[in-house]
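1. structure for the following, please:
(chains A, B and C)
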Amino acid sequence: MPEILTVVTTIDSEERARALAAGAIERRVAACAQVGGPVRSFFRWEGAVQSEDEWQVQFKTPAARYDALEAYLHEAHAYEVPEILAAPVARASAAYAEWVAEETA
Amino acid sequence: MPEILTVVTTIDSEERARALAAGAIERRVAACAQVGGPVRSFFRWEGAVQSEDEWQVQFKTPAARYDALEAYLHEAHAYEVPEILAAPVARASAAYAEWVAEETA
Amino acid sequence: MPEILTVVTTIDSEERARALAAGAIERRVAACAQVGGPVRSFFRWEGAVQSEDEWQVQFKTPAARYDALEAYLHEAHAYEVPEILAAPVARASAAYAEWVAEETA
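-> Residues are numbered from 1 along each chain as shown, chains lettered A, B, ... in the order given. Predicted structure coming up:
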């Protein structure tokens, strides 16, 4: 069974989030992607806690395609330092993992 | 502390998502489950990028119960090849992890 | 690159979820946090499957700050046994991981 990763980024508009998702499928750097939100993001800015609405994009891709997905996100993302975090998959449906690998081949 | 997994699936209606969640608790193959959405799913279909609304279900279960949860999902899920992905838990509240184990015993 | 964790908790109101998020940034036990919801939580209570709305808070913090974040959540959370689960990060944008470490130093 191929090793799969779940990769997450966030961005400041639903339209941009959907464009990142569609672009990754188009380039075969992910098998599928889900856009959710808005979520309310909290962070420190100029010494104070700030918050703003963002949308999350969650990609499913083989570990072997992670570098290509990260390179695509650095190029297509509107932020200078975007969140790009990949969670490992401990167990999976074998048929689904095979599908993820086939879609990104 | 028992080893816990976070297991995610997606499905095309909120009603079906809630039924999967409730069924898993009923059968003690998960201690709890959260239904969120809609999220917008992007994937390739017949050569083109498509998208549709889905709902996500996230289950919490001990690693020792994963096989039973996956078997339940294959039986109860409406898709032929459903997404079933389990993320490992690196650190956890010990009391919460014990509760997850007790609820699925 | 510093080792990063994604830590999740859930709570029964959006206001409380936002307070947990802002408090963690304030105390530098997380670099950022996202509040999403409502999600519908299913669990067993007094022998029957119950459900209620909750909000999720997802924190990003270095592994070295996990104990401080968990201690903060046990103190600030309204539940006796809150969900506190940390997912490991397998791969990440190096610049983002550095930012998470700097924000919590």
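2. residue most distant from the centroid, chain A?
-> Distance from the C-alpha centroid of chain A peaks at A:Gly47, with 28.6 Å (CA atoms, centre = their mean).
3. can the longest helix along chain A be found next to chain B?
-> What stands out as the longest helix in chain A, according to DSSP state H, is helix A:14-26. Yes - Helix A:14-26 is in contact with chain B by CB under 8 Å from any CB of the partner chain, via A:Arg18, A:Ala21, A:Ala22, A:Ala24, A:Ile25, A:Glu26. In short, each C-beta sits where N, CA and C put it, glycine included.
4. from the chain's centroid, how far away is that helix?
-> For helix A:14-26, the separation from the chain centroid amounts to 10 Å (computed by CA atoms, centre = their mean, to the nearest Å).
5. ok, and does that helix reach over to chain C?
-> No - Helix A:14-26 stays clear of chain C (CB under 8 Å from any CB), getting no nearer than 13.2 Å.
6. sorry, back to before: make JSON lines from the residues of helix A:14-26 next to chain B and add neighbour count and pLDDT to it.
-> Listed next are those as JSON lines, based on neighbours: other CB atoms under 10 Å in any protein chain shown; pLDDT from 0 to 100:
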{"residue": "A:Arg18", "neighbour count": "18", "pLDDT": "98"}
{"residue": "A:Ala21", "neighbour count": "26", "pLDDT": "98"}
{"residue": "A:Ala22", "neighbour count": "17", "pLDDT": "98"}
{"residue": "A:Ala24", "neighbour count": "29", "pLDDT": "98"}
{"residue": "A:Ile25", "neighbour count": "23", "pLDDT": "98"}
{"residue": "A:Glu26", "neighbour count": "14", "pLDDT": "98"}
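7. residue contacts, A:Val39?
-> By CB atoms under 8 Å, 6 or more residues apart in numbering or on different chains, A:Val39 lies in contact with A:Thr10, A:Asp53, A:Glu54, A:Trp55, A:Gln56, C:Gln34, C:Val35, C:Gly36.
8. which non-adjacent residue is nearest the second one?
-> Here the nearest residue to A:Asp53 in space, its sequence neighbours aside, is A:Pro38; by CB to CB, 6 or more residues apart in numbering or on different chains that works out to 4.0 Å.
9. A:Ala105: what secondary structure?
-> Going by DSSP: H, G, I helix; E, B strand; the rest coil, the secondary structure assigned to A:Ala105 is coil.
10. tell me which residues touch the spatially closest residue to A:Ile4 that is not a sequence neighbour, please.
-> Distance criterion CB to CB, 6+ apart; nearest residue to A:Ile4, sequence neighbours excluded, is A:Val89 at 4.5 Å. Contacts for A:Val89 were tallied using CB under 8 Å, 6+ apart; they are A:Glu3, A:Ile4, A:Leu5, A:Thr6, A:Ala97, B:Leu85, B:Ala86, B:Ala87.
11. who touches stretch A:47-56?
-> The contact list for stretch A:47-56, computed with CB under 8 Å, 6+ apart, reads A:8-14, A:16-17, A:35-44, C:18, C:21-22, C:25-26, C:34, C:36.
12. which of those are buried? Put it as a PyMOL command.
-> Entered in PyMOL, the line below selects the buried ones among the contacts of stretch A:47-56, by 16 or more other CB atoms under 10 Å in any protein chain shown:
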select buried, (chain A and resi 8+9+10+11+14+16+17+35+36+37+38+39+40+41+42+43+44) or (chain C and resi 18+21+22+25+34+36)
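13. can you list contacts of stretch A:1-8?
-> By CB under 8 Å, 6+ apart, the residues outside stretch A:1-8 that reach it are A:30, A:56-64, A:66, A:69-70, A:83-89, A:92, A:94, A:97-98, A:100-101, B:85, B:87, C:90-91.
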